[in-house]
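Visitor: Next come a sequence and a model predicted from it.
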Amino acid sequence: MSLQFIVVLGITLDKRRRHTRHCVCHMLEKGSEAVECVTEAVKLLEDSKLTNAGRGSSLNIRGCVECDASIMEGKKLLFGAVGAISGVQNPIEVSAMLINRQLGEKLSLGRLHPSVLVGEGASQWAVANGIHKVDPRLLITGD
């Protein structure tokens, strides 16, 4: 890896960090909840091919992108997490949605909403709850 590449990468990541910080600060000033702000910040990172999250993630042994994401809500001590989820560009959205479901109405018979989902079940739950499924090949950047 050349020094020139490292310097360019560092400058690009610094610009991305400043943009993310600006977006999150603006959301907080408007009164957005912390989980919503963190979700948006992580989405910016997941959408960047420069980070190892979401688009551009490392490939598994089969050559596919599988992602993990988690988030915690500190006031009510709730968390949402997904593991080995595929076909979802922003896994953090699924984690945040898990928290939102926990804050909503209880399920029948006193059951609780899930807080952790893994693999194909996580992908199915995401789609069933309105998360857009993407072609997994679009998450591979080639670098």
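Guide: Perfect, I can see it now.
Visitor: residue boundaries of the helices in this structure?
Guide: For the chain, the helices defined by DSSP state H cover 3-29, 34-46, 91-103, 119-128.
Visitor: What average pLDDT does the third one get?
Guide: Just to be clear, that refers to helix 91-103. Regarding helix 91-103, the rounded mean pLDDT is 96.
Visitor: mind checking how far that helix is from the chain centre?
Guide: Distance of helix 91-103 from the chain centroid (CA atoms, centre = their mean, to the nearest Å) equals 10 Å.
Visitor: Can you tell me the centre-most residue of the protein?
Guide: When CA atoms, centre = their mean is applied to the chain, the residue found nearest the centroid is residue 92 (2.3 Å).
Visitor: circling back: and the helices of the chain as JSON lines, adding distance to residue 72?
Guide: C-beta here means a position set from N, CA and C on the backbone, and glycine is covered the same way. Shown next, in JSON lines, are these (distance: least, CB to CB, whole Å):
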{"stretch": "helix 3-29", "distance to residue 72": "16"}
{"stretch": "helix 34-46", "distance to residue 72": "8"}
{"stretch": "helix 91-103", "distance to residue 72": "8"}
{"stretch": "helix 119-128", "distance to residue 72": "18"}
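Visitor: any idea of the pLDDT on residue 21?
Guide: pLDDT at residue 21 comes out at 72.
Visitor: Quick check: the gap between it and residue 59.
Guide: Residue 21 sits 30 Å away from residue 59, going by CB to CB, to the nearest Å.
Visitor: How about residue 114?
Guide: Between residue 114 and residue 59 the computed distance is 27 Å (CB to CB).
Visitor: same thing with residue 45?
Guide: Distance of residue 45 to residue 59, computed by CB to CB: 18 Å.
Visitor: More neighbours: these two, which one.
Guide: Of the pair residue 45 and residue 59, residue 45 is the one with more neighbours under other CB atoms under 10 Å, namely 20 against 11.
Visitor: give the contact list for that one.
Guide: If you count contacts by CB atoms under 8 Å, 6 or more residues apart in numbering, residue 45 has them with 16, 20, 51, 53-54.
Visitor: One more pass at 6 Å, please.
Guide: Residues in contact with residue 45 (CB atoms under 6 Å, 6 or more residues apart in numbering) are 51, 53.
Visitor: what does the model give it for pLDDT?
Guide: Per the predicted model, pLDDT is 84 at residue 45.
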